[in-house]
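Visitor: Curious how this folds, go ahead:
(chains A, B, C and D)
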Number of protein chains: 2
Amino acid sequence: MSTPSFRNWQSVQDEVLRRINTREWTPGDLIPTEAELAVEFGCARATVNRALREIAKTGILDRKRKAGTRVARNPATKATLNIPIIRQEIEDKGQKYNYSLLNRSIETPPPNITTSMQIPVGSKLLHLIALHTADDRPFAYEDRWINLDAVPSAKNTSFETVSANEWLLMNIPYTGGEISFCATTATEPEAIALDCPFDSALFLTDRLTWNGADAITKLRLVFAPGYQLRTSF
Amino acid sequence: MSTPSFRNWQSVQDEVLRRINTREWTPGDLIPTEAELAVEFGCARATVNRALREIAKTGILDRKRKAGTRVARNPATKATLNIPIIRQEIEDKGQKYNYSLLNRSIETPPPNITTSMQIPVGSKLLHLIALHTADDRPFAYEDRWINLDAVPSAKNTSFETVSANEWLLMNIPYTGGEISFCATTATEPEAIALDCPFDSALFLTDRLTWNGADAITKLRLVFAPGYQLRTSF
DNA sequence: CAGTGGTCTAGACCACAGG
DNA sequence: CTGTGGTCTAGACCACTGG
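Guide: A predicted model of the protein is given here:
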């Protein structure tokens, strides 16, 4: 068998994936070492390393020093979600975006907010409620708390024309966060703002953003009926 | 300012992210070239390349040949979703998993299935309906179509003890797929199987899996009330 | 056309963990 | 202790694309 030449890491990656898909290497198998593959493929070890590293990141391969590289037994599918600014999400669909602030106040938040944001009980946070619309129809209802200790400049911002969504992204750095999705029925203010029946099934996003150890903002986004979150893997 | 030495790509990455977070480099800015940074950091260009490449993958940097590297203006947050086998998802929570097949038949699917799977109208597919339970309580209701042309061996599999979920993963390679999430109200059979009211808001996952150009399976998963999908970024 | 990122190479050293 | 992956280096060539 004349081995064709694999001169770049992508072709090496393709070949490795082919061998996995054709069961030439089956789940649980130890595959040859980088050095061996480099010889076989006629390329440098760094090239093989790059290819295998990228595959390992998808979970299809498990790599351990000394133990070698194995085909994973139960590769949990991984998909990458894009979480755009709402305005962009709407404008990308060719629709007209609009934003309106329904409420702005500084309050003591309910306990579930303080605990998830890890903030002293009794702290006051900026509480914003807003509605995002697409082509003048309700799109998403936003209920947000902002940590004024971490974002003092929010105190002097009205958020009447610029959504907190965009303002925070443009002005406040963050290092990470958590996000969760679920289905819920509308609360009364949500049903009114989104102009849908009280018992509608709505898609809900809950988001918490951190800058280092400081909670920046906690956000509850309820989408109008029909919303879908999509991605591919 | 005495520049400390950055001898590995992770420390270079940290330093670059620090400069972005501190607004030393602001969104839209062109940052120095790899070669310049390599000199400044006292490391090889490949090291800088690795660091910048990884950052670019998160969307925080935009890189273009000749144009250079810029701090992205609207970095859409990216989160990685783990889509485990349902059994693992349940067992990871320390609960007892059970699976039962409610229906198995070979049918002509409704048109929305044939179109999304890009299959000739009138083709017959294997149709499975199953219930996954956690600690003997309904967890998810599965409605699945399997393309027998792409997976002929499914015809001889009962799917009574092994869920299609696991059987397919263990036996059939795939190259990619699409997934979407939304909220829905229960259909009658779903409400009965999941033992919840008809108007419950349920979390729904729709999944389509491909092997090259062949659709393998299309799956509608409806979760019992309270289900949450979580991740971090 | 020329500047920038993208990649490959050959060799080297290191870190980790299996036996 | 030794084999394996993880990474760094210096140099080179290539590919794309902006001007």
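Visitor: mind listing the helices for chain A?
Guide: In chain A, the segments counted as helices under DSSP state H are A:9-21, A:34-41, A:45-58, A:86-92, A:111-117, A:164-171, A:188-194.
Visitor: nearest to residue B:46, of these?
Guide: Closest approach to residue B:46 among the helices of chain A is made by helix A:45-58 (9.0 Å; CB to CB). C-beta here means a position set from N, CA and C on the backbone, and glycine is covered the same way.
Visitor: ok, is that closest one in contact with DNA strand D or not?
Guide: Yes: for helix A:45-58, a contact with DNA strand D is found by CB under 7 Å from any atom of the strand, at A:45-46, A:49, A:52-53, A:56.
Visitor: Would you mark the buried spots in that helix?
Guide: Applying a neighbour-count criterion of 16 or more other CB atoms under 10 Å in any protein chain shown, one finds A:47-52, A:54-55 buried in helix A:45-58.
Visitor: Could you do stretch A:181-195 as well?
Guide: Along stretch A:181-195, the positions that meet the burial threshold by neighbour count (16+ other CB under 10 Å) are A:181-186, A:190-191, A:193-194.
Visitor: which one of those is nearest residue B:165?
Guide: residue A:181 (20.1 Å).
Visitor: before we move on, back to that, export the helices of chain A to JSON lines and append columns for distance to residue A:133.
Guide: Compiled in JSON lines, the helices of chain A are given as follows (distance: least, CB to CB, whole Å):
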{"stretch": "helix A:9-21", "distance to residue A:133": "43"}
{"stretch": "helix A:34-41", "distance to residue A:133": "54"}
{"stretch": "helix A:45-58", "distance to residue A:133": "38"}
{"stretch": "helix A:86-92", "distance to residue A:133": "8"}
{"stretch": "helix A:111-117", "distance to residue A:133": "26"}
{"stretch": "helix A:164-171", "distance to residue A:133": "14"}
{"stretch": "helix A:188-194", "distance to residue A:133": "10"}
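Visitor: Keep the buried residues of stretch A:181-195, but drop any that are not near chain B.
Guide: Among these, proximity to chain B is found for A:181-185 (CB under 8 Å from any CB of the partner chain).
Visitor: Which ones, among the residues of helix A:45-58 next to DNA strand D, also lie beside DNA strand C?
Guide: Residues shared between the residues of helix A:45-58 next to DNA strand D and the neighbourhood of DNA strand C are A:45-46 [CB under 7 Å from any atom of the strand].
Visitor: okay if I get the residues of helix A:45-58 next to DNA strand D as CSV plus pLDDT?
Guide: As requested, the residues of helix A:45-58 next to DNA strand D are exported to CSV (pLDDT from 0 to 100):
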residue, pLDDT
A:45, 97
A:46, 97
A:49, 98
A:52, 98
A:53, 97
A:56, 96
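Visitor: Just the pLDDT at whatever residue of chain A ends up closest to DNA strand D, thanks.
Guide: Taking CB to the nearest atom of the strand, DNA strand D has its nearest neighbour within chain A at residue A:66, 2.9 Å off. Looking at residue A:66, its pLDDT is 95.
Visitor: and if you look at residue A:5?
Guide: At residue A:5, the model reports a pLDDT of 67.
Visitor: low-confidence ranges in chain A?
Guide: Screening chain A residue by residue with the criterion pLDDT under 70, one finds the ranges A:1-5.
Visitor: Would you map the strands across it?
Guide: Assigned by DSSP state E, the strands in chain A fall at A:30-31, A:61-64, A:68-71, A:77-83, A:97-107, A:125-134, A:137-146, A:176-185, A:201-211, A:214-223, A:229-232.
Visitor: Using TSV, lay out these together with distance to residue A:118.
Guide: As requested, the strands of chain A are arranged in TSV below (distance: least, CB to CB, whole Å):
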stretch	distance to residue A:118
strand A:30-31	44
strand A:61-64	34
strand A:68-71	39
strand A:77-83	22
strand A:97-107	18
strand A:125-134	13
strand A:137-146	13
strand A:176-185	12
strand A:201-211	9
strand A:214-223	6
strand A:229-232	27
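Visitor: so can I have CSV of those showing distance to DNA strand C?
Guide: Rendered in CSV, the data for these read as follows (distance: least, CB to the nearest atom of the strand, whole Å):
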stretch, distance to DNA strand C
strand A:30-31, 10
strand A:61-64, 5
strand A:68-71, 9
strand A:77-83, 18
strand A:97-107, 31
strand A:125-134, 34
strand A:137-146, 34
strand A:176-185, 23
strand A:201-211, 26
strand A:214-223, 29
strand A:229-232, 21
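Visitor: Out of these, the one nearest residue B:72 is which?
Guide: Once CB to CB is applied to those, the stretch that comes out nearest is strand A:77-83, at 13.0 Å.
Visitor: is the closest one up against chain B anywhere?
Guide: Yes: judged by CB under 8 Å from any CB, strand A:77-83 and chain B are in contact via A:77-83.
Visitor: Just the buried subset of those residues, written out for PyMOL, thanks.
Guide: When burial is assessed using 16+ other CB under 10 Å, the buried subset of the residues of strand A:77-83 next to chain B is captured in PyMOL by this command:
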select buried, chain A and resi 77+79+81+83
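Visitor: Same list (the buried residues of helix A:45-58) but as a markdown table, adding distance to residue B:213.
Guide: Converted to a markdown table, the buried residues of helix A:45-58 look like this (distance: CB to CB, whole Å):
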| residue | distance to residue B:213 |
| --- | --- |
| A:47 | 29 |
| A:48 | 29 |
| A:49 | 31 |
| A:50 | 28 |
| A:51 | 24 |
| A:52 | 27 |
| A:54 | 23 |
| A:55 | 22 |
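Visitor: Any idea what the most centrally placed residue in chain A is bridged to?
Guide: Most central in chain A under CA atoms, centre = their mean is residue A:81, positioned 4.9 Å from the mean C-alpha point. Beta-bridge pairing of residue A:81 under DSSP bridges involves residue B:79.
Visitor: Can you name the residue of chain A nearest to DNA strand C?
Guide: Closest contact between chain A and DNA strand C, by CB to the nearest atom of the strand, is at residue A:8 (2.6 Å).
Visitor: ok, how many other residues are close to that residue?
Guide: For residue A:8, the tally of surrounding residues (other CB atoms under 10 Å in any protein chain shown) stands at 13.
Visitor: Double-check it against residue A:47; I have them as touching.
Guide: Yes: the pair formed by residue A:8 and residue A:47 meets the contact definition of CB atoms under 8 Å, at 7.0 Å.
Visitor: quick check: domain ranges of chain A?
Guide: For chain A, automatic domain parsing gives the domain ranges A:9-71, A:86-223.
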